[in-house]
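Sequence and predicted structure, then a few things I'm wondering about:
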Amino acid sequence: ACTAAAPLPVLGRDVRVPLVTGGEVTYAALDYAASAPALQRVWDDVAAYAPYYGSVHRGAGYLSQLSTDLFENSRKTVAEFLGCREADQVVFTRSTTDSLNLLAGVLPADTRVFVFETEHHASLLPWEQRSDLTVTYLDAPGTPQQAVDTLEKALATREPYGPALVCVTGASNVTGELWPVRELAAAAHAHGARIVLDAAQLAPHHPVDIADLDVDWVAFSGHKLYAPFGAGVLAGRADWLQAAEPYLAGGGASRTVARREDGGVAVEWHTTAARHEAGSPNVIGVYAIASACKALTEAGFDTLVARERELIAKVRAGLAEVPEVKVLSLFGDDADRVGVLSFVVEGWNSSHFAAALSAEYGIGVRDGLFCAHPLVRTLLGSDPQDPGACGAPEGRGTSLNAIRVSFGAGTPDEHVERFVRAVGEL
Ligand code: PMP
């Protein structure tokens with residue numbers, strides 16, 4: 001059982017890494033926002049299942065039946081975890097990026113898409129892949145209320161007909177700040193638009209309830225939810241999913257295929273989630289997600305959030321002691337956030353700083369632009385029109401980059417304490 005003071009057991013707690021100064025230290029994984037370590041419980045569940053592995057929906061043997069049951073029961077577990085409505089479908093994908101690209105593919109023709117410039121590229125870019133969609137980019141808001149007002153205004157000025165979609169993140173992968181999802185969903189629906197929640201950073205830290213938030217779809221990745229086995233989720237309304245062509249064409253998505261008289265083939269596609277899951281599915285990845293959902297639910301999000309708040313407070317207090325550190329924020333000091341925080345250090349190149357944290361302290365953080373270039377440019381006040389401002393890929397080795405520290409349910413106090421001490425010393 002987890003108490004407010006105890007991290008959940010994860011893999012990698014005892015990994016030793018060399019220090020440039022000689023000797024070695026246990027690795028402090030403080031890059032959960034990029035990819036979180038597997039929960040021990042997830043690893044145990046996967047290991048217990050692995051000998052029984054079999055094909056899903058493709059075999060008459062006992063292990064195929066067992067694997068098929070496990071796969072479909074995992075779907076139910078994820079639906080429960082997300083508080084899905086009766087008619088919602090849970091589609092298994094590879095990741096959040098995959099889920100949002102899938103959704104972009106099924107939008108009705110000429111859908112208007114509204115997205116804040118502050119989004120992760122996975123939420124920002126898939127809509128550009130279709131030439132018939134019109135994308136409206138919304139300026140970075142200075143407060144959560146301003147986000148709602150900006151969206152309201154944009155939606156109110158659109159033509160009052162035709163399909164529209166709002167795509168918004170629940171928690172920023174750069175600032176960790178929570179976005180007013182419920183209010184944005186209400187604004188979207190009031191103007192006849194639908195909304196998809198990018199919960200890649202939110203789901204590992206907070207309960208996400210589709211019905212309660214009243215969003216139309218939710219996307220998240222297993223590897224950020226302590227289940228790094230290559231699966232992701234798109235859950236939500238079935239109608240657009242089932243009216244569109246399958247994401248991938250192939251076996252599993254097709255119900256019947258027959259030669260036509262004219263020599264071609266006639267295909268009847270499934271109208272379940274299987275429509276978008278052609279090919280043999282990643283049953284291990286999907287089962288791992290279901291296992292993580294259960295583990296987090298059993299630990300209790302109240303407990304997890306309380307513990308994470310303690311860690312966030314420690315990091316914030318530690319960074320506040322160092323005058324050269326500037327924490328990046330859109331919504332200000334009082335913003336509610338998950339355990340994700342980016343900063344720059346005056347006099348330091350961020351890539352060198354992150355490298356020093358690794359080499360001298362065994363701490364793994366991320367540096368760069370975090371696949372959210374427009375947001376980081378805005379936060380750092382660099383010229384948004386200057387594509388050369390990034391220089392190297394992802395801004396590494398230039399002044400236009402930042403350092404991100406992120407943590408979660410598996411993080412021991414010692415890791416954030418070491419981090420705070422290291423920042424002060426550097
Ligand atoms: N959205 C957000 C907010 C993210 O942080 C990330 C991953 N950094 C993604 C989407 C994309 O997730 P994935 O790389 O698993 O597709």
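Looks like it arrived, so ask away. Residues are numbered from 1 along each chain as shown.

what does the model give the most centrally placed residue in the chain for pLDDT?
Centroid check for the chain by CA atoms, centre = their mean gives Ala200 as the closest residue, at 1.3 Å. Looking at Ala200, its pLDDT stands at 98.

Please apply the same query to Ala389.
47.

How much space separates the closest residue to the ligand within the stretch 301-426 of the chain from Ser123?
Here the residue of the stretch 301-426 of the chain nearest the ligand is Cys371; by CB to the nearest ligand atom that distance is 5.7 Å. Just so you know, the C-beta spots here come from the backbone N, C-alpha and C atoms, and that holds for glycine as well. Taking CB to CB, to the nearest Å as the measure, Cys371 falls 10 Å from Ser123.

Compare neighbour counts for those two and give me the winner.
Ser123 (25 against 19; other CB atoms under 10 Å).

tell me the contacts of that one?
Leu100, Val115, Cys167, Val168, Thr169, Asp198 (CB atoms under 8 Å, 6 or more residues apart in numbering).

Among those, name the ones that also lie close to the ligand.
Contacts with the ligand within the contacts of Ser123, counted by CB under 6 Å from any ligand atom: Thr169, Asp198.

For the contacts of Ser123, which single residue is the most surrounded?
Going by other CB under 10 Å, Asp198 tops the contacts of Ser123 with 31 neighbours.

do you know how far that residue is from Ser131?
Relative to Ser131, and taking CB to CB, Asp198 is found at 23 Å.

before we move on, what about Leu178?
For Leu178, the distance to Ser131 - CB to CB - is 34 Å.

higher neighbour count, those two?
A direct count of neighbours by other CB under 10 Å for Leu178 and Ser131 places Leu178 higher, at 20 against 6.

In contact with that one, which residues?
Applying CB under 8 Å, 6+ apart, the residues near Leu178 are Pro144, Gly170, Ala171, Leu202, His206, Ala335, Asp336, Arg337, Val338.

could you redo the last one with a cut-off of 6 Å?
Ala171, Asp336 (CB atoms under 6 Å, 6 or more residues apart in numbering).

Please name the bridge partners of it.
Counting by DSSP bridges, Leu178 is bridged to Ala171.

Which pLDDT value does the model give it?
So Leu178 comes in at 98 (pLDDT).

And Thr77, by the same measure?
For Thr77, the predicted pLDDT is 98.

Over to Thr3?
For Thr3, pLDDT reads 46.

what's the answer for Thr378, then?
89.

who are the neighbours in contact with it?
So Thr378 contacts Ala140 (CB under 6 Å, 6+ apart).

mind checking the SS state of it?
helix (DSSP: H, G, I helix; E, B strand; the rest coil).

And Phe419, by the same measure?
Per three-state DSSP, Phe419 ends up helix.

OK, contacts around it?
Leu30, Ile363.

With only the CA atoms kept, save the helix or strand where Pro374 lies in PDB.
Using DSSP states H and E, Pro374 falls within helix 373-380. Presented in PDB, the C-alpha positions along helix 373-380 are these (Å, rounded to 0.1, in the frame of the first residue of the first chain):
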ATOM      1  CA  HIS A 373       9.200  24.900 -30.100                       C
ATOM      2  CA  PRO A 374       6.700  27.800 -30.300                       C
ATOM      3  CA  LEU A 375       6.000  27.500 -26.500                       C
ATOM      4  CA  VAL A 376       9.600  27.500 -25.500                       C
ATOM      5  CA  ARG A 377      10.300  30.400 -27.800                       C
ATOM      6  CA  THR A 378       7.500  32.300 -26.200                       C
ATOM      7  CA  LEU A 379       8.700  31.500 -22.700                       C
ATOM      8  CA  LEU A 380      12.300  32.400 -23.500                       C
END
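
Heading C-terminal from it, find the next helix or strand.
strand 402-406.

any idea of the mean pLDDT for that next one?
97.

So that strand, near the ligand or not?
No. Judged by CB under 6 Å from any ligand atom, strand 402-406 and the ligand are separated, with a smallest distance of 9.5 Å.

Off-centre distance for that strand?
When C-alpha coordinates are averaged (CA atoms, centre = their mean, to the nearest Å), strand 402-406 and its chain have centres 16 Å apart.

does Ala278 count as helix, strand or coil?
Going by three-state DSSP: Ala278 is coil.

so the residue of the stretch 301-426 of the chain closest to the ligand makes contact with His121?
Yes. Cys371 lies in contact with His121 (CB atoms under 6 Å); the separation is 4.5 Å.

Can you tell me which residues in the chain are near the ligand?
Checking the chain against the ligand by CB under 6 Å from any ligand atom, the hits are 33, 95-97, 120, 122-123, 169, 173, 198, 200-201, 221, 223, 371.

and the closest residue to Gly236 other than its chain neighbours, how many neighbours?
Leaving aside its sequence neighbours, Gly236 sits nearest to Trp217 (CB to CB, 6 or more residues apart in numbering; 3.1 Å). If you count neighbours by other CB under 10 Å, Trp217 ends up with 27.

For the closest residue to Arg158 other than its chain neighbours, give me its contacts.
In this structure, Arg158 finds its nearest non-sequential neighbour in Arg112, 5.7 Å apart by CB to CB, 6+ apart. The contact partners of Arg112, by CB under 6 Å, 6+ apart, come to Thr134, Arg158, Ala164.
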